[in-house]
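Novice: take this sequence and fold it.
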Amino acid sequence: MEAYLHSDIPFGPPAPAGAPPAYWVGPRHLAGDDGRLYEAVADTLADLDWTSLTIVRGRQEPDEAAEAPQVLRSTVLHISPDSLRWAQWVLPDEPFHLGNLPIAWQVSARAEPSSPLARWSAYFTPDVPGEVLSTFLAALDARDQPTVPLGGPELVLDAVAAHGWPRDTGQPGAGAVDPTFASHVRLGEVPPLIQDGDPLALVAEADDAVLAGWQAWSEPMLGAGYLWAASFSPSVPHDLVAAFAGGLCSRAPVLRRVLPESARDRLLRAPAG
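Specialist: Take a look at the predicted model:
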């Protein structure tokens, strides 16, 4: 299916020789990352004056092929000017998975520079739209105190409701879904290995002691696997999750050359130029 989203869509940049054609596409939550998730987020962090570092682990033998699995692996770390927040590109380092998808970015924050531990962390797999993650990071950067709670879960649900996402009929106070039932946001038990600074997040014995965190995911074709997933540890402030959710369901089209195969037939497309 192909249709124009808006009659006044700006022209996109000229395509490099041999590059696939560019389209303005929507809905955003099904648009994927265009194969540029690192570049899109790194550009945002550079504009915010975050410092980037490369952490290298392992070693490479002189006669070892560059593509060998035992070669050097690196994690790119971006740190905010006040050192209270940071983002790690961990995809090359074989991270753990969410919904059978590898983690690409991990974002964390701490209360003060002297603390060695993160107060909270958020995790994003490939094909999370770069524009959405950039919106989340811009909101994080704008906060003076990135770990102080502001508001409750209703902030997240109101953010998606403003764009026409109905609440989950089974959990109206803790979840919402897009009108096509492909993408979800939900407050509940977080997956294993999600790191949080609140000791109660580690307690599994007592149900009333387990803290809930926000999860988001997209499954364009039921049973065909997830397109992307995101997980926020229990202490991530709700207003920051609301920024992510609001960006996720924005109706503004995004520029893409690479379309996710599982969502291709559900995307509206308009040639960019």
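Novice: got any ranges where the stretch 151-273 of the chain has weak pLDDT?
Specialist: Confidence mapping of the stretch 151-273 of the chain against pLDDT under 70 gives the ranges 199-210.
Novice: ok, 90 please
Specialist: Scanning the stretch 151-273 of the chain for pLDDT under 90 picks out 169-173, 189-211, 222-224, 273.
Novice: show me where it has strands.
Specialist: Along the stretch 151-273 of the chain, the stretches classed as strands by DSSP state E, counting those that start in this stretch are 175-177, 183-188, 213-218, 228-232, 254-256, 268-271.
Novice: right, so those: which one is the most enclosed?
Specialist: Across the strands of the stretch 151-273 of the chain, averaging neighbours per residue (mean count of other Cβ atoms under 10 Å) puts strand 228-232 on top, at a mean of 26. The way it works is simple: take the backbone N, C-alpha and C, and place the C-beta from them, glycine included.
Novice: circling back to that earlier point, quick one: closest of the strands of the stretch 151-273 of the chain to P113.
Specialist: P113 sits nearest to strand 228-232 of all the strands of the stretch 151-273 of the chain, at 22.8 Å, using Cβ to Cβ.
Novice: who's in contact with the longest helix along the chain?
Specialist: When the chain is parsed with DSSP state H, its longest helix is helix 130-142. Helix 130-142 is contacted by residues 28-29, 33-34, 36-37, 39-41, 44-45, 48, 50, 80, 85, 87, 105, 107, 109, 122, 124, 146, 239-240, 243-244, 246-248, 250, 254 when judged by Cβ atoms under 8 Å, 6 or more residues apart in numbering.
Novice: filter those residues down to the buried ones and hand me the PyMOL line.
Specialist: Buried residues within the contacts of helix 130-142, by 16 or more other Cβ atoms under 10 Å, are selected in PyMOL with:
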select buried, resi 28+29+33+34+37+40+41+44+45+48+50+80+85+87+105+107+109+122+124+146+239+240+243+244+246+247+248+250+254
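Novice: out of the strands of the stretch 151-273 of the chain, flag the one nearest S262.
Specialist: Between the strands of the stretch 151-273 of the chain, strand 213-218 lies closest to S262; by Cβ to Cβ that is 8.8 Å.
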